[in-house]
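1. After the sequence you'll find the predicted model.
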Amino acid sequence: MQKMTNDEDSVLCVDVGNTNVRFGLLSEMKVINSWSLLTEDLIANPEEFICLLPRKVEATAFCSVVPAADKIVKNALRTITGNPFRLTHDNCGNLPISYPNPEIIGQDRLANSLAAQKLYGTPAVVIDIGTAATFDIVSSEGGYEGGVIVPGPQVFIECLTQKAALIQNVKLPESPLNEAIGRSTSEAMALGLFYGFPAMIQGILEEVIVSLGVIEDRKSEVILTGGGAFRVGKIVTKHDPDLTLKGIALALQEQGFT
């Protein structure tokens with residue numbers, strides 16, 4: 001693996017997710033270099049992550065939803081800047097939080113919501129597709145209102161393969177099959193996900209938009225991010241695969257670290 005390029009005027013942001021760790025160098029809210037590795041590999045072999053990190057940056061920041069990785073990432077970033085910033089519900093910029101228990105909100109979801117507010121405007125719905133597919137609702141006055149969580153595409157596959165003895169693991173195709181009739185178990189599963197998952201996302205989104213409309217009288221932005229974003233690309237107004245990293249950088253900026 002190639003080490004990331006140094007840039008003394010940039011900030012290094014790390015997003016620790018359940019499946020992947022994504023980290024990148026950002027300058028003026030643009031990702032100029034990025035990398036990723038499996039979260040399980042980070043935990044099993046921290047040196048791989050440490051070796052990839054640039055050493056000369058203005059500041060470092062991270063968010064995490066994996067407690068087992070927290071200390072590894074914090075210590076790694078501490079060797080670079082001495083004082084890494086961690087995004088939490090207490091320091092996510094000037095994003096209002098109407099959610100009753102803000103301490104239990106995933107830090108990546110707060111980063112996404114802050115970035116949506118600052119970069120695209122509100123009201124907004126952020127759809128982040130990864131291990132889970134999350135919907136985060138950001139209103140103009142209340143800020144983070146809450147959301148919806150469903151399993152991501154790969155979790156659907158794993159559930160079927162674990163619970164059904166005769167079903168084997170398959171990969172979700174990036175383009176449609178010739179017809180919507182599966183001629184094998186793997187084709188049937190692939191079709192179910194290819195057509196069923198976006199339909200589920202669309203159905204949830206329609207209900208969320210209705211509920212958000214009770215709060216707002218303006219059209220909502222729908223922003224898609226995450227590793228599986230290409231699967232539902234027709235139902236959004238914006239597609240930003242770097243949204244979480246930008247949100248971390250924005251929180252860092254608003255706390256005066258840069």
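-> Done, it's in.

2. Return the distance of the helix or strand hosting Ser113 from the chain's centre.
-> Per DSSP states H and E: Ser113 is located in helix 107-115. The chain centre lies 8 Å from the centre of helix 107-115; the measure is C-alpha atoms, centre = their mean, to the nearest Å.

3. Likewise for stretch 236-243?
-> 10 Å.

4. For the helix or strand containing Met189, name the packing helices and strands.
-> According to DSSP H and E, Met189 maps onto helix 185-215. In this structure, helix 185-215 packs against strand 124-129, strand 132-139, strand 143-151, helix 153-163, with contacts taken as 3 or more C-beta pairs under 8 Å, 6 or more residues apart in numbering; DSSP states H and E. In short, each C-beta sits where N, CA and C put it, glycine included.

5. Identify, out of the ones you listed, the most deeply packed stretch.
-> Mean neighbours per residue, mean count of other C-beta atoms under 10 Å, is largest over those for strand 124-129, with a mean of 26.

6. Show me what it is in contact with.
-> The contact list for strand 124-129 (C-beta atoms under 8 Å, 6 or more residues apart in numbering) reads 108-109, 112-113, 116-117, 133-138, 152-153, 201, 205, 208-209, 212, 220-229, 231-232, 236, 243-244.

7. one more time with 6 Å
-> Identification of contacts with strand 124-129 by C-beta atoms under 6 Å, 6 or more residues apart in numbering yields 112, 116, 134-138, 152, 208, 220-226, 228-229.

8. Is Arg55 in a helix, a strand, or coil?
-> Look at Arg55: counting by DSSP: H, G, I helix; E, B strand; the rest coil, its state is coil.

9. check contacts around it.
-> The contact partners of Arg55, by C-beta under 6 Å, 6+ apart, come to Ile80.

10. same check, this time on Ser184
-> For Ser184, no contacting residues are found, by C-beta under 6 Å, 6+ apart.

11. Could you check how far it is from Lys118?
-> Ser184 is 47 Å from Lys118, where distance means C-beta to C-beta, to the nearest Å.

12. Could you tell me how many residues sit around the nearest residue to Val11 once chain neighbours are set aside?
-> Among residues not flanking Val11 along the chain, Ala59 sits closest, at 4.7 Å (C-beta to C-beta, 6 or more residues apart in numbering). Using other C-beta atoms under 10 Å, Ala59 has 20 neighbouring residues.

13. how close does Ala59 sit to Asp90?
-> 18 Å.

14. pLDDT below threshold where in this structure?
-> Across the chain, residues meeting the criterion (pLDDT under 70) sit at 1-8, 163-177, 228-231, 233-234, 257-258.

15. Got the domain ranges for it?
-> Domains of the chain are assigned by automatic domain parsing as 11-86, 96-241.

16. Looking at these, spot the one closest to Gln255.
-> Ranking those by proximity to Gln255 (C-beta to C-beta) places domain 11-86 first, at 6.5 Å.

17. Endpoints of the closest one, how far apart?
-> By C-alpha to C-alpha, to the nearest Å, the extent of domain 11-86 from end to end equals 13 Å.

18. hang on, Ser36 in a helix?
-> No: using three-state DSSP, the secondary structure at Ser36 is strand, not a helix.

19. tell me the secondary structure for the closest residue in space to it that isn't next to it in sequence?
-> In this structure, Ser36 finds its nearest non-sequential neighbour in Arg22, 4.4 Å apart by C-beta to C-beta, 6+ apart. Assigned state for Arg22: strand (three-state reduction, three-state DSSP).

20. again, but for Thr244
-> Thr244 falls in the helix class when you classify it by three-state DSSP.

21. quick one: it and Cys13 touch, right?
-> No: counting by C-beta atoms under 6 Å, Cys13 is not a contact partner of Thr244; they are 8.3 Å apart.
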